[in-house]
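# any chance you can model this:
(one chain, ligands or ions: 1)
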Amino acid sequence: MKLGAELITLKEALTLSSSELDTLRDDLKNKIEDNKNLGAYVEQLTNTEISGAGTGVPIAIKDNINVKDQHVTCSSNILQGYISPYNATVIDNLEKAGLSAFGRTNMDEFAMGSSTDTSCYGKTLNPLDNEKVPGGSSGGSAAAVAAGIAIAALGSDTGGSIRQPAAYCGVVGMKPTYGRVSRYGITAYSSSLDQVGPITQNVEDAAILYDIISGHDAKDSTSADVEKTPVTPNLNADKKLTIAVIDNYIEQASPEVKKGFDKAVKALEKAGHKIVHKNMVDTSKILSSYYIVATAEASANLARLDGVRYGNRKGDAGLKDMYIQTKSQGFGEEVQKRILLGSFVLSSGYYDAYYIKAQKVRHLIKDEYSKIFEDADLILSPVAPTTAPKFGSFKTSLEMYLSDIYTISVNLAGLPAISLPVSNDEEGMPIGLQLIGQAYDEQTVFDGALSLEKAVAYKKA
Ligand code: GLN
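This is a model prediction of the structure:
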């Protein structure tokens, strides 16, 4: 496959003239065409022209973010034919800064998954090894950046969907603090967990894109009205930090990920950072809490897709038939499973036993993070227990859910985190680690990441 020809960075692209940007967009279109088999863009899978009429720096957009007059389908049959009448706030923010939406990236249906193989359009391949998954649910965005067919991309992260595909593809992915980036115009999966963030070629580009998309938005009631200082002009890789590692979590990683982790810890120590050791609530409780909260909220959010106002309407034998046919033909298996689970945990008689309990565990997780941050500026953790697995490695949904142990607690606690590649496994697949910070302290997250990026000097295999 013809891949990896170095693309310019976002920082460089922002200095181009409008005629140079026209050339860049044409080049990108050709490269996207040449790498069709990757399936990173919905357009590659549907043989259609790359969407996006803007003339700014091209940014690839996950197919769950509304771009005015463009199809938005969350890679689901139920939204076929839907055209957005408005821009998400993140898209308005891109345009204000001279960037434009360019192409729709493939994803797990409704952002539920870890592999980008539940899309109704077909799967996205990992550009580094086509037999392996690119991760999910923002696998299209991560694969596009890794393959050199996107300068940078936006993804969404409900339980790891930016950080994990970034780790599997060897690029940088950042989830901001809950409330930092407007959710207006993002198709909701789990409203109390979802955040949009950048997927980029390096840490500095992630900071640039984060600065552009973030900020208070009156159109989103969950957007935080807190002061925001741009992180990029203040980036400082030389700040000496205290970084915590959670010992009882590392044990659950594969030997190769552990090896990559140890190497990164040594590099951080050598760069002058102090490492402290901590423990946290066991991951099985985190997993249960996340899959109860996320599916409960998903069942409520997806209820609107019933064929009446939204949804590709099916069934003509009355109202009930329309509901049943629209939903059973429109939603894929994993989405249906989660709607059923979510409806169950919210149902009378089970609400207290499951949903309320999960919310209590969520508070506990938040408290445990706060305790760690009394003694540390950042936490270093794996992103996933293994490097990218082969397609079909997970035999059941539960096996797939287990691969989320390192990412989901960050969303439950609403914290910012960034994933970056630190080394490669024996097969040459990237090992990604994440740095987790305190709420609204994105500056320290980016400073630490820049320092780690320099300290490990990661090279593709
Ligand atoms: N893998 C997780 C899930 O399936 C995370 C998804 C996400 O962050 N959108 O729910």
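
# from here on, contacts and neighbour counts on C-alpha atoms
Will do.

# near the ligand, which residues of the stretch 151-300 of the chain are found?
157-161 (CA under 6 Å from any ligand atom).

# hmm, try it at 8 Å
156-162, 189, 194, 291, 294 (CA under 8 Å from any ligand atom).

# might you specify the subset of these located within helices?
Secondary structure defined by DSSP state H assigns 291, 294 of these to helices.

# can you convert the residues of the stretch 151-300 of the chain next to the ligand into TSV and add a column each for pLDDT and neighbour count?
Below are these laid out as TSV (pLDDT from 0 to 100; neighbours: other CA atoms under 10 Å):
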residue	pLDDT	neighbour count
Ser156	98	34
Asp157	98	27
Thr158	98	28
Gly159	98	30
Gly160	98	32
Ser161	98	35
Ile162	98	33
Tyr189	97	25
Asp194	98	29
Tyr291	97	18
Ala294	98	25
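
# mind listing which of the residues of the stretch 151-300 of the chain next to the ligand are in strands?
Those of those mapping onto strands are 156-157, per DSSP state E.

# which one of the residues of the stretch 151-300 of the chain next to the ligand is nearest Pro176?
Asp157 (9.1 Å; CA to CA).

# which residues does the closest one bridge with?
Asp157 has these beta-bridge partners by DSSP bridges: Gln195.

# tell me who's in contact with it.
Going by CA atoms under 8 Å, 6 or more residues apart in numbering, Asp157 touches 138, 163, 175, 193-197, 411.

# does Arg180 touch Ser223 like I think?
Yes. Counting by CA atoms under 8 Å, Arg180 touches Ser223, with 6.3 Å between them.

# quick check: neighbours shared by those two?
215-216.

# these two: which is more packed in?
Shown here are Arg180 and Ser223; by other CA atoms under 10 Å, Arg180 has more neighbours (28 against 19).

# distance check, that one against Ala224.
6 Å (CA to CA, to the nearest Å).

# quick one: secondary structure of Gly140?
Three-state assignment for Gly140 (DSSP: H, G, I helix; E, B strand; the rest coil): helix.

# correct me, but it touches Tyr41?
Yes. Using CA under 8 Å, Gly140 is in contact with Tyr41, at 6.0 Å.

# need the overlap of contacts for those two.
Common neighbours of Gly140 and Tyr41 (CA under 8 Å, 6+ apart) are 105-106.

# and the two? which has more neighbours close in?
Gly140 (35 against 32).

# any idea how far that one is from Met112?
14 Å.

# go on, Gln195?
For Gln195 relative to Met112 (CA to CA), the value is 14 Å.

# okay, these two: which has more neighbours?
Gln195 (29 against 26).

# can you pull the contacts of the more buried one?
Gln195 neighbours (CA under 8 Å, 6+ apart): 156-158, 175-179, 181-183.

# ditto for Thr407
Thr407 touches 159-160, 163-164, 383-384, counting by CA under 8 Å, 6+ apart.

# centre-most residue in this protein?
Ile162 (1.8 Å; CA atoms, centre = their mean).

# hang on, that residue packs against Gly135?
No. In this structure Ile162 lies outside contact range of Gly135 using CA under 8 Å: 9.0 Å.

# and the gap between Arg338 and Ala300?
11 Å.

# between the two, which one's more packed in?
Arg338 (20 against 17).

# and the helix or strand where the more buried one lies, how far out from the chain middle?
Element membership of Arg338, judged by DSSP states H and E, is helix 333-345. Computed by CA atoms, centre = their mean, to the nearest Å, the separation of helix 333-345 from the middle of its chain amounts to 21 Å.

# contact partners of it?
Applying CA under 8 Å, 6+ apart, the set of residues contacting helix 333-345 is 109-110, 112, 118, 292-300, 302, 328, 350-351, 354-355, 397.
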